[in-house]
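[1] give me the fold of what follows.
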Amino acid sequence: MSLEIKIHFLGASGTVTGSKFILETPGFNIMVDCGMFQGLKELRNLNWEPFPFPPDKIDIILLTHGHLDHSGYLPRLVAQGFKGKIMGTAPSLAIASIILLDSAKIQEEQAQQANEEGYSIHTPALPLYSLEDAENAIRLFKSVEPGKWSNIHPDIKFRLEKNGHIIGATYIELDILGKIFLFSGDIGQEKDQLLDPPKPPEWGDYIFLESTYGNRLHPEDNSDEILTNAINETINNNSILIIPSFAVERLQTLMHKLWQLYNKNKIPKIPIFIDSPMGNKVFEVFERFPSWHKLNKDDLAAMKNHFNVITSYKDTWKTIDDKRAKAVIAGSGMVSGGRVLTYLRYFIDKPETTVLLVGFQAEGTRGRQLLEGNQEIKIFGKYCEVNAKIKTIESLSAHADQKGLIDWLGKIKNIPEKVFLIHGEPTSLDALRVKIKDTYHWQVHIPHLKEIINIKL
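    Numbering: from 1, shown residues only. Predicted coordinates:
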């Protein structure tokens, strides 16, 4: 039996964000990930366009993990007519639920604020989707166990395997008539403070590989030393340390590191505020799924008690008014939204302030602007002068670097028919393409956005 498959590259193609891939087969259509575009305005504008494939013709969506750039478009797709199942691991769906509800709430709040303060060019400003849209998408969630094959069509089955990165994250093996379509999702580092290393794949006929750090090796920076120095400097200057953080994994890793540093007498007692409503809910996911991480129940409880967890926006203002030296960890990690903007609005112009960036900063985000030394950034429609010290920790990345990606591929026993490089900026994509060809001599293709590739089985 022969079969023609059309692969639609509808996101994370030529760019990092907006992961969306559709495998169109006769009579059954599969979508892998359903992410939101972030970063550059021209990319964010794509979120508002009608979806280029009929949503009601998609039979099933498989999620590699719950991050916004892999799941954040789901409410919009459901509002446009998707009615099938959305499948992933239980912790991935728990994370996605938290992220979608938070994203919808932020969008509604930002639209309201833009209308009240009149800084939007749209009249009225509207959210990309509402809380009701997010809840409608979540109703379609169905969890699956990792490591087990699930039949979704007479000729198609899939399996999820643990992949590090964040709690619940997996890669996807799709078996279509005996050919394995391998979607890497985001691959974690081999050595992770909270998670087990990725389980490497053994076979892939067509591989769809992330390339976030395809042109880089993670530096051997001493994250403990950088954190210790930043805390001590903040105390000496009676100032504030602001750490923009992703709510999933990065926040918990930072909490664990700071808690350990205090227990080892590396840093003194200093008020550390966790201002991430979404991050607090993610902490509950760690408590619900202990087999997915390395922390035991007692450590989780002790960690949480060490920090000042902010639960209301009123407490955000109290923290801003608090005159003590303090550290604040707040979302979002790329400074693209969330509570961290409120802190930056009031403190980024002060030379004694330190801002510590601890993750990948996509092109077009405020985090990338700070990383590249911009002297001002726009927050809530107004430009703020940047006088704060901007520091970075690169070794805490949740992504494998180039060596990690090459090693992950190295466990595959067959010679793939083609490797498609996705989820990377152009320089990362091209560097990884060259590295794969030089290392393994495999066929590599970098698809462009909205490209359609036909594969005959």
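
[2] where in the chain is pLDDT low?
    Within the chain, the segments meeting pLDDT under 70 span 1, 118-122.

[3] how does it divide into domains?
    Domain segmentation of the chain under automatic domain parsing yields 4-216+398-456, 223-392.

[4] would you reformat these as TSV and include mean neighbour count?
    Where C-beta positions appear, they are placed from N, C-alpha and C, glycine not excepted. Converted to TSV, the domains of the chain look like this (neighbours: other Cβ atoms under 10 Å):
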stretch	mean neighbour count
domain 4-216+398-456	20
domain 223-392	18
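
[5] what's stretch 49-62 in contact with?
    For stretch 49-62, the external contacting residues (Cβ atoms under 8 Å, 6 or more residues apart in numbering) are 8, 10, 22, 24, 28-34, 74, 76-78, 80-88, 152-153, 158, 160, 172, 174, 183, 450.

[6] I'd say Phe158 and Leu174 touch.
    Yes. Contact between Phe158 and Leu174 holds when scored by Cβ atoms under 8 Å: they sit 5.0 Å apart.

[7] okay, and the beta partners of the nearest residue to Val328 once chain neighbours are set aside?
    With sequence-adjacent residues excluded and distances taken as Cβ to Cβ, 6 or more residues apart in numbering, Val328 is closest to Phe273, at 4.7 Å. Phe273 has these beta-bridge partners by DSSP bridges: Asn308, Val328.

[8] do you know how far the most centrally placed residue in the chain is from Glu42?
    Centrality entry for the chain: nearest residue to the mean C-alpha point is His67, 4.0 Å, by Cα atoms, centre = their mean. Here His67 is placed at a distance of 21 Å from Glu42 (Cβ to Cβ, to the nearest Å).

[9] helix, strand, or coil at Cys5?
    Not Cys; residue 5 is Ile. strand (DSSP: H, G, I helix; E, B strand; the rest coil).

[10] mind listing the residues bridging to it?
    Ile455.

[11] let me see the ranges of the strands in the stretch 201-350 of the chain.
    206-210, 240-244, 272-275, 308-309, 326-330 (DSSP state E, counting those that start in this stretch).

[12] residues contacting the fourth one, please?
    Right, the one you point to is strand 308-309. Residues contacting strand 308-309 (Cβ under 8 Å, 6+ apart): Pro271, Ile272, Phe273, Ile274, Asn280, Thr319.

[13] and Asn374, what does it touch?
    By Cβ under 8 Å, 6+ apart, the contact list for Asn374 reads Val386.

[14] so how far is Glu394 from it?
    The value you get for Asn374 to Glu394, if Cβ to Cβ is used, is 19 Å.

[15] then Asp205?
    Taken as Cβ to Cβ, the span from Asp205 to Glu394 is 34 Å.

[16] look up how far Pro50 lies from Ser71.
    20 Å.

[17] ditto for Phe181
    Distance, Phe181 to Pro50, by Cβ to Cβ: 27 Å.

[18] try Lys418
    For Lys418, the distance to Pro50 - Cβ to Cβ - is 30 Å.

[19] any chance you could map the helices in the stretch 51-200 of the chain?
    68-71, 74-79, 90-117, 131-138 (DSSP state H, counting those that start in this stretch).

[20] which one of the contacts of strand 308-309 is nearest to Asp133?
    Asn280 (23.2 Å; Cβ to Cβ).

[21] residue contacts, the closest residue to Leu100 other than its chain neighbours?
    Leaving aside its sequence neighbours, Leu100 sits nearest to Ala134 (Cβ to Cβ, 6+ apart; 4.2 Å). Listed by Cβ under 8 Å, 6+ apart, the contact set of Ala134 reads Leu74, Pro75, Leu100, Leu101, Ser103, Ala104.

[22] same thing but at 7 Å, please
    Counting by Cβ atoms under 7 Å, 6 or more residues apart in numbering, Ala134 touches Pro75, Leu100, Leu101, Ala104.

[23] check Gly84 too.
    Counted by Cβ under 7 Å, 6+ apart, Gly84 has contacts Ile58, Asp59, Ile60, Ile61.

[24] rerun at 10 Å
    Residues near Gly84 by Cβ atoms under 10 Å, 6 or more residues apart in numbering: 29-31, 55-61, 78, 140, 142, 152.

[25] likewise for Ala230?
    Taking Cβ under 10 Å, 6+ apart, one finds Leu241, Ile243, Ile267, Ala327, Thr354, Val355, Leu356, Lys389, Lys391, Ile393 in contact with Ala230.

[26] in CSV, list those along with distance to Leu128.
    As requested, the contacts of Ala230 are exported to CSV (distance: Cβ to Cβ, whole Å):
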residue, distance to Leu128
Leu241, 32
Ile243, 27
Ile267, 40
Ala327, 32
Thr354, 33
Val355, 27
Leu356, 30
Lys389, 34
Lys391, 33
Ile393, 31
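
[27] which one of these sits closest to Leu195?
    Ile393 (17.7 Å).

[28] closest one to Leu405 among the strands of the stretch 201-350 of the chain?
    strand 206-210 (6.8 Å).

[29] with just CA atoms, put that closest one into CSV.
    What follows is strand 206-210 as a C-alpha-only set of coordinates in CSV (Å, rounded to 0.1, in the frame of the first residue of the first chain):
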residue,chain,number,x,y,z
TYR,A,206,12.1,11.6,8.9
ILE,A,207,13.4,13.7,11.7
PHE,A,208,12.1,17.1,12.7
LEU,A,209,14.8,18.5,15.0
GLU,A,210,14.8,21.6,17.1
